[in-house]
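Visitor: Got a predicted structure here, sequence first:
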Amino acid sequence: MKEYLHLKNVTTLSYDPDKCTGCGMCAEVCPHAIFYLEDKKARIRDRDLCMECGACSRNCPFAAISVRPGVGCAWGILLSELKGREAPSCG
Amino acid sequence: MTDQETGRKGDRGLGEKSGGPPPSCECSPECCGWTVAQGKAESYIRESEHWIERRIETPAGPIPVVRTRLSRQDILGKVKARFGIGRMNYKVKPGLYAIGKASPDSPILVSANYKLSFDCLRRELSGLDAWILVLDTKGINVWCAAGKGTFGTEELVHRIEDSGLTRVVSHRTLILPQLGAPGVAAHEVTRHTHFKVIYGPVRAADIKAFLAAGLEATPEMRLVTFKLMDRVALTAIELISPFKYLVILTAVLWILNLLGLHLLSWKGWYPYLGAILIGGFIVPILLPWIPGRIFAWKGWLLGVLWATFVNIQQGLLPPTPASWERAAANFLLLPAISAFLAMGFTGSSTYTSLSGVLKEMRYAVPAILASVSIGLVFLAVVLIRGL
């Protein structure tokens, strides 16, 4: 998994275990298997593997997860800077 | 069990299935690159196309049954799209399609209307009876469309109603590609439509196994990877823009040559071709093996090796009072080009985040700009002296 690590300590992922009901949606949708269930609570394996796609927060029915979703794409970011757009997106 | 173990095992497990289709499906979480969709008039691959086998009657009207074998035309279309030809208008009409002898009990798979995504899915469904609900994602693949929200809750709810799906099937379960999850809130879809959303595997190649296992995905099926073949498939689109600029620049210099201003020479030209190939092709291929984690750094590192090779090959190293400016220009310009293009590959990669790339760019972009600016001064000095 470490080969899929870009930079450490940058992700905006945050998780509030108090709101978690252990439904497991986050573990189902995360493409990097960051979440796993233990004692009916979601737990984070390694935050640094987060690519901020936002799948977990969008699919959490209890708003226990938040992340600023976006694309990790240099061209997208450059284009949005040049065009003065807020959120970088591809294309 | 450490994450390292699971990750590696997953990789190997998938790799063993190498008899299957190549992993170059457009279902990977790549950024859509820098081709910007044009506001063209809506046009779809014609419904009477070769990939429709027949039509079946349903309470919601006739539904096209699609083939699960890709034809030569489908494959040609895929190659063209890979090279950016007509890539932004390679669309399937949104709505409901059938596979095999789809019945009211058959599973429903949701897809994007990018023809490559659709092809990728249907060719994995041979021998199955199923429905495909195609969302209007403006011809963009599932992952990118989910990021933009076009593969999203609203469109899914609308498409379920518009297609008359509830009249066609007797159950209330939808299977979505896992990579659509950033755009779709499963619980909201259920609230609006009473359809239960189950996220299927990341790769279309795993769908048969997923269905056979009673809609259970293995941990490997849920993991996004970025293997050699995935990276190779994405280099084509990365190289198109830089090559376009190289061709334009070469043409301009060639015309100047004809006018008597001799700036163009093979010796001066091939180093730049090499720098582009390193940033846009070699770095993506060697990505996991180049030391460091910053993409621009990886490009810069190989670029420096290339500049060293060029300088030695052209007799500019060790530097002499006559050659040091040329050597310096190569050292400043070539690695910067490679670094810039390598940085662009963050968009094709499947693991970089917005925060990560922003941080990388905060350091890389000023460094690249500085290097290019000083390099251009040296190049100008060299060229003026050569005239």
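Guide: Cool, the structure landed.
Visitor: buried set for the biggest helix by length in chain A?
Guide: Using DSSP state H to define each element, chain A has its longest helix at helix A:74-83. Of the residues in helix A:74-83, A:74-80 count as buried by neighbour count, 16 or more other CB atoms under 10 Å in any protein chain shown. All C-beta atoms are positioned from the backbone trio N, CA, C, and that covers glycine.
Visitor: Give me the next element, helix or strand, following the lowest-mean-pLDDT helix or strand in chain B.
Guide: Least confident helix or strand, chain B: helix B:3-16 with a mean of 30, by mean pLDDT, DSSP states H and E. Remark: after helix B:3-16, the chain's next helix or strand is strand B:52-58, criterion DSSP states H and E.
Visitor: per the record, what domains does chain B have?
Guide: Following automatic domain parsing, one finds the domains of chain B at B:21-222, B:228-386.
Visitor: Count the neighbours of B:F331 for me.
Guide: 21 (other CB atoms under 10 Å in any protein chain shown).
Visitor: Do I have it right that it meets B:N311?
Guide: Yes - contact criterion CB atoms under 8 Å: B:F331 and B:N311 qualify, at 7.3 Å.
Visitor: check contacts around B:L109.
Guide: Applying CB atoms under 8 Å, 6 or more residues apart in numbering or on different chains to B:L109 gives the contacts B:121, B:125, B:130-133, B:175, B:200, B:207.
Visitor: picking that back up, near chain B, list only the ones from the buried residues of helix A:74-83.
Guide: Subset of those in contact with chain B: A:74-79, counting by CB under 8 Å from any CB of the partner chain.
Visitor: Columns pLDDT on top of the buried residues of helix A:74-83, output as a markdown table?
Guide: Below are these laid out as a markdown table (pLDDT from 0 to 100):
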| residue | pLDDT |
| --- | --- |
| A:A74 | 91 |
| A:W75 | 88 |
| A:G76 | 85 |
| A:I77 | 88 |
| A:L78 | 88 |
| A:L79 | 84 |
| A:S80 | 83 |
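Visitor: Counting neighbours, what do you get for B:F281?
Guide: B:F281 is flanked by 18 other residues according to other CB under 10 Å.
Visitor: Would you check that B:A296 makes contact with B:A339?
Guide: Yes - using CB under 8 Å, B:A296 makes contact with B:A339 at a distance of 4.3 Å.
Visitor: List the buried residues of the longest helix anywhere in chain B.
Guide: Secondary structure of chain B per DSSP H: the longest helix is helix B:354-386. Using 16+ other CB under 10 Å as the test for burial, helix B:354-386 gives B:354-361, B:364-365, B:368, B:371-372, B:375, B:378-379, B:382.
Visitor: now do stretch A:55-73
Guide: Within stretch A:55-73, the residues that count as buried by 16+ other CB under 10 Å are A:55-60, A:64-65, A:67, A:69-73.
Visitor: same for the lowest-mean-pLDDT helix or strand in chain A, what does it pack against?
Guide: Within chain A, no helix or strand scores below helix A:74-83, which has a mean of 85 by mean pLDDT, DSSP H and E. Applying 3 or more CB pairs under 8 Å, 6 or more residues apart in numbering or on different chains; DSSP states H and E, one finds that helix A:74-83 contacts helix B:324-344, helix B:354-386.
Visitor: closest one to B:A307 among those helices?
Guide: Relative to B:A307, the nearest member of these by CB to CB is helix B:324-344, separated by 4.3 Å.
Visitor: Tell me if that closest one is near chain A.
Guide: Yes - applying CB under 8 Å from any CB, one finds helix B:324-344 touching chain A at B:343-344.
Visitor: For the residue nearest in space to the middle of chain A, which non-adjacent residue is closest in space?
Guide: Closest residue to the average C-alpha location of chain A: A:E52 at 3.4 Å, with CA atoms, centre = their mean. The shortest distance from A:E52 to any non-neighbouring residue, by CB to CB, 6 or more residues apart in numbering or on different chains, is to B:S353 (3.9 Å).
Visitor: and the one you found, how many residues sit next to it?
Guide: Neighbourhood size, B:S353 [other CB under 10 Å]: 27.
Visitor: Per-residue pLDDT of the residue of the stretch 201-350 of chain B found nearest chain A, please?
Guide: Per CB to the nearest CB, B:G347 is where the stretch 201-350 of chain B lies closest to chain A, at 3.1 Å. B:G347 carries a pLDDT value of 89.
Visitor: Likewise for B:G147?
Guide: pLDDT, B:G147: 88.
Visitor: does it belong to a helix or a strand, and which?
Guide: Assigned by DSSP H and E, B:G147 belongs to helix B:142-148.
Visitor: Using PDB, write down the CA coordinates of that helix.
Guide: Provided in PDB are the C-alpha atoms of helix B:142-148 (Å, rounded to 0.1, in the frame of the first residue of the first chain):
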ATOM      1  CA  VAL B 142     -17.600   7.100 -13.800                       C
ATOM      2  CA  TRP B 143     -14.800   8.400 -11.600                       C
ATOM      3  CA  CYS B 144     -14.400  11.800 -13.100                       C
ATOM      4  CA  ALA B 145     -18.200  12.200 -13.400                       C
ATOM      5  CA  ALA B 146     -18.600  11.300  -9.800                       C
ATOM      6  CA  GLY B 147     -16.100  14.000  -8.900                       C
ATOM      7  CA  LYS B 148     -18.100  16.500 -10.900                       C
END
